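In: Build me a model:
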Amino acid sequence: MTLETWLAFCATETVLCFIPGPAVLFVVSLALARGARSGIGATLGILLANAFYFALSATGVAAAIVASNGLFTALRWLGTGYLLWLGLRMLLSRAEPLATAAPVPVQRSLLRGVVVQGANPKALLFFVALLPQFINPAGSVGLQILVLGVSSVVIEFFVLLLYVVLAVRARQVAGTRFAGPLERVGGGLLLAAGARLALVRSH
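Out: Have a look, this model is predicted:
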């Protein structure tokens, strides 16, 4: 893999990370409704799931899942259902004032992030369809996947962190009187993420 190929991958990854998909909407919704710790916890969970997907790509398992229409569909509906469930919980819950609202524990946010991204078939499609374009089969495939995997995790961490910072800033600007609307906005974002995930197709 040449330097030019690596830079092209980094540029592509950066652009894709900024597009609001389920991962971005999930992180923003938690940071908006529950604060920075919850948003960062969700970010770490998403990155952990991505690292797992890179490992699957190295072994060819990811391609097998995408090729199996049944497995892919099951994964898609699992992710869709989970996002819709979280979104409805936020929409129907009684929001506490921002000053007193307890953040979701980091470990819970992390676990939710793993589930959201782990059940996101768009991530599988990315690794199966896009990743091979940046790998030179004549070189060490494992090493190239490792380099691209680390690069992807670092890029996505900073992109999601930027989204967390912006969401927390919006939360601060909103003030303590708008806990309810922020909770509803967060729930709406999760419902939108679930709806988008339901439309994903493997082919």
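
In: Show me how far stretch 163-175 is from its chain's centre.
Out: Between the mean C-alpha point of stretch 163-175 and the mean C-alpha point of its chain there is a distance of 19 Å (CA atoms, centre = their mean, to the nearest Å).

In: Mind listing what's buried along it?
Out: Tyr163, Val164, Ala167, Val168, Arg171 (16 or more other CB atoms under 10 Å). Every residue, glycine included, has its C-beta placed from N, CA and C.

In: and Pro137, what helix or strand is that in?
Out: Take DSSP states H and E as the rule and Pro137 turns out to sit in neither a helix nor a strand.

In: Need the max-distance pair from the buried residues of stretch 163-175.
Out: Taking CB to CB as the measure, the buried residues of stretch 163-175 reach their widest spread between Tyr163 and Arg171, a distance of 12.5 Å.

In: what helices or strands is the lengthiest helix in the chain leaning on?
Out: Once the chain is assigned using DSSP state H, the helix that runs over the most residues is helix 141-174. With contacts taken as 3 or more CB pairs under 8 Å, 6 or more residues apart in numbering; DSSP states H and E, helix 141-174 sits against helix 3-18, helix 22-34, helix 36-59, helix 179-198.

In: could I get those helices as CSV with mean pLDDT and distance to Pro105?
Out: Below are the helices and strands packed on helix 141-174 laid out as CSV (pLDDT from 0 to 100; distance: least, CB to CB, whole Å):
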stretch, mean pLDDT, distance to Pro105
helix 3-18, 89, 26
helix 22-34, 83, 10
helix 36-59, 86, 8
helix 179-198, 70, 17
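
In: most neighbours per residue, which of the ones you listed?
Out: The highest mean neighbour count among the helices and strands packed on helix 141-174, using mean count of other CB atoms under 10 Å, belongs to helix 22-34: a mean of 27.
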